[in-house]
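Trainee: Please work out how this folds:
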Amino acid sequence: MTRYIIIGAGSGIGAALARHLAAPGTDLLLHTGSNAERLGRVAAFCENEGASVSTCLGLTEDPALIDNITAWLDPLPEGGLSGFAFAAGYAKLGTVDSTDPATLRSALDAMPMAFQRLCTCVTPKLADRRGRILCVSAFGAHRSKTHSYAPTAPAKAALEAQVRVFAANLAPRGITVNAVVPGFITKEPGTPSSLTPEQWAEVTANIPMARLGQAAEVAATAAFLLSEPAGYVTGQSLHVNGGLTL
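Mentor: Below is the predicted model of the structure:
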């Protein structure tokens, strides 16, 4: 039995990763912030693929989310967790001048602070030599010329720094910790976007591959980093962006 926790599985890359991993013999705990209906559709797809699925709701910045995760983890045997994926977060446009301390603090609480808490919660149950941790970062942590994401870029950069710290600390157990760094990814219908249609067209024109990425493409890369063959890859930030940061 392989068991994964996916934080931020209600839409986008997190949902695509859940659908990619779903298979007979797989046990999934899927999380989203508040949209139970959307998460329910992802869970139903995964169950149809043969996976066993549990769900939980809660804002990542709320420490009470730990209680929901712990309730699912407690019955597992030691080493019973295969992987933990943190795909929660949001893109918020803004300049340095327009970003007040409260907005920056909110992004830090929702992303790197939450990642820290949740990793600390799940690592005791991760399987030695087979356990995997993954987070979803963003190109904004590396490039700000295309659009300025001053509220969230520092939070994503902090995530990648944490990846390296956790990777070094967990390497003696053979547990890998990595990040996947998407570029501009096509939004699912009905999900919010930080860009207007005109801005999306401008963005696409500046991508060397001249197209937006698909969530499934990022999910496939993330799934590799969660897999057994990726056992010697750790502390890395792997870009999936069509050449955006070249």
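Trainee: longest helix of the chain?
Mentor: Assignment by DSSP state H gives helix 153-170 as the longest helix of the chain.
Trainee: List the buried residues of the worst-scoring helix or strand of the chain on mean pLDDT.
Mentor: Lowest on mean pLDDT, DSSP states H and E among the helices and strands of the chain sits helix 197-205, with a mean of 83. Residues of helix 197-205 classed as buried by neighbour count (16 or more other CB atoms under 10 Å): V203. C-beta coordinates here come from the backbone N, C-alpha and C atoms, glycine included.
Trainee: Give me the buried positions along the helix or strand just after it.
Mentor: Past helix 197-205, further along toward the C-terminus, the next helix or strand under DSSP states H and E is helix 215-225. Within helix 215-225, the residues that qualify as buried are 215-219, 221-225, counting by 16+ other CB under 10 Å.
Trainee: would you turn these into TSV with distance to A22 and pLDDT?
Mentor: Below are the buried residues of helix 215-225 laid out as TSV (distance: CB to CB, whole Å; pLDDT from 0 to 100):
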residue	distance to A22	pLDDT
A215	15	96
A216	13	97
E217	17	97
V218	16	98
A219	11	98
T221	17	98
A222	14	98
A223	11	98
F224	16	98
L225	17	98
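Trainee: Pick the one among those closest to T2.
Mentor: Closest to T2 out of those is A223 (11.4 Å), distances taken as CB to CB.
Trainee: Check the contact between the closest one and A18; I expect there is one.
Mentor: No. Taking contacts as CB atoms under 8 Å, A223 lies outside contact range of A18: 10.2 Å.
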